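K.L.:
quick one, structure for this:
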Amino acid sequence: MKLLKIAVLLLVLAGPVASAQNYKLQKASQPSSLVTPESGDDVFIPISKYLAAGNAEALSAWFADNLEIAVLTKESDASRAQARQIVKTFFDNYTPRSFNITHTAGRANMKYALGTLKAGGETFNVTIFLSCKDDRYKIQQLKIERL
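P.N.:
Below is the predicted model of the structure:
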């Protein structure tokens with residue numbers, strides 16, 4: 001009888017734990033681009049990962065339809081596809097080794113980050129400005145310049 005009470009108690013306690021774990025798994029499996037202003041997730045985590053890996057394709061999923069992009073001395077307003085190609089060319093010429101966020105700031109529907117990218121034996125300052133549109137953060141401005 002005592003064993004039955006312990007088993008029932010474990011089942012009662014395991015229910016909320018299992019539900020919380022399922023919620024975490026569901027949340028973790030959502031695409032990163034679904035990070036919204038209401039969520040507590042840090043939008044710069046996946047962006048940092050893609051910069052460190054030199055993954056222009058995945059990074060471009062975060063680009064707005066049109067954005068300001070400045071890589072080294074070339075500045076332009078570009079479409080998502082143009083910006084992806086500019087970043088891909090940069091990554092081809094300067095293979096990324098690491099990326100670290102050094103500062104973040106934000107307010108209602110806007111976020112800003114400064115970081116350091118080590119690539120191709122050089123160090124670059126990276127500035128990322130995001131805004132929230134249609135409940136999704138998108139990169140509005142990306143700047144990569146030599147340190």
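K.L.:
number of residues surrounding residue 139?
P.N.:
By other C-beta atoms under 10 Å, the residues close to residue 139 number 23. Any C-beta I mention is one placed from the backbone N, CA and C, and that applies to glycine too.
K.L.:
also residue 60?
P.N.:
20.
K.L.:
residue 114 too?
P.N.:
14.
K.L.:
now do the helices in the chain.
P.N.:
2-29, 44-53, 56-60, 80-93 (DSSP state H).
K.L.:
where among those helices is average confidence lowest?
P.N.:
Among these, helix 2-29 has the lowest mean pLDDT, at a mean of 39.
K.L.:
quick one, phi psi at residue 62?
P.N.:
phi -90, psi -10 (degrees, to the nearest 10).
K.L.:
isn't it right up against residue 142?
P.N.:
No: counting by C-beta atoms under 8 Å, residue 142 is not a contact partner of residue 62; they are 9.2 Å apart.
K.L.:
tell me what residue 115 is bridged to.
P.N.:
The partner list for residue 115 in beta bridges (DSSP bridges) reads residue 101, residue 126.
K.L.:
mind giving me the domain ranges of this structure?
P.N.:
The chain is divided into the following domains under automatic domain parsing: 1-30, 42-146.
K.L.:
contacts only, for residue 119.
P.N.:
54, 91, 94-97 (C-beta atoms under 8 Å, 6 or more residues apart in numbering).
K.L.:
could you rerun that using 6 Å?
P.N.:
Each residue near residue 119 by C-beta atoms under 6 Å, 6 or more residues apart in numbering is listed here: 94, 96.
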